[in-house]
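Asker: I'll drop the sequence and a predicted model, then ask my questions.
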Amino acid sequence: MALLHESVDFKKLDVRLIERNVNRGVITQEELRKAQESLPDDSENAEWIDIHALAEDGESDSKGTSHS
């Protein structure tokens, strides 16, 4: 079980809080850079999509549809 201070340290780098924590001086740009560089490269697990094809599908689905 994680200790409270470990949980707090982990939350400093929460993607939803990073900008606020940097602006408030909770973490430095250097700490953020080091943390980002330590992340593994997970790009091989990515699923690539074509957003243009998705947009075209969305347009064809909405044609002829009544929004009453």
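Answerer: Everything's here; your move. Numbers count the residues shown, from 1 in each chain.
Asker: So which residues of this protein form helices?
Answerer: According to DSSP state H, the chain carries its helices in the segments 4-11, 18-23, 29-37, 51-62.
Asker: Show me the contact partners of the shortest one.
Answerer: Yep, that's helix 18-23 we're talking about. Helix 18-23 is contacted by residues Lys12, Leu13, Val26, Ile27, Thr28, Gln29, Leu32 when judged by Cβ atoms under 8 Å, 6 or more residues apart in numbering. Bear in mind the C-beta positions are built from the backbone N, C-alpha and C, glycine included.
Asker: Pull the contacting residues for the nearest residue to the third one once chain neighbours are set aside.
Answerer: Right, the one you point to is Val26. Nearest residue to Val26 in three dimensions, chain neighbours excluded: Lys12, at 5.8 Å (Cβ to Cβ, 6 or more residues apart in numbering). By Cβ under 8 Å, 6+ apart, the contact list for Lys12 reads Asn21, Val26, Ile27.
Asker: Same check on Ala35?
Answerer: Applying Cβ under 8 Å, 6+ apart, the residues near Ala35 are Leu13.
Asker: Next, work out how far apart it and Ser43 are.
Answerer: Going from Ala35 to Ser43 by Cβ to Cβ, to the nearest Å gives 18 Å.
Asker: How about Val26?
Answerer: 29 Å.
Asker: which of those two has more neighbours?
Answerer: Per other Cβ atoms under 10 Å, whichever of Val26 and Ser43 has more neighbours is Val26, with 15 against 7.
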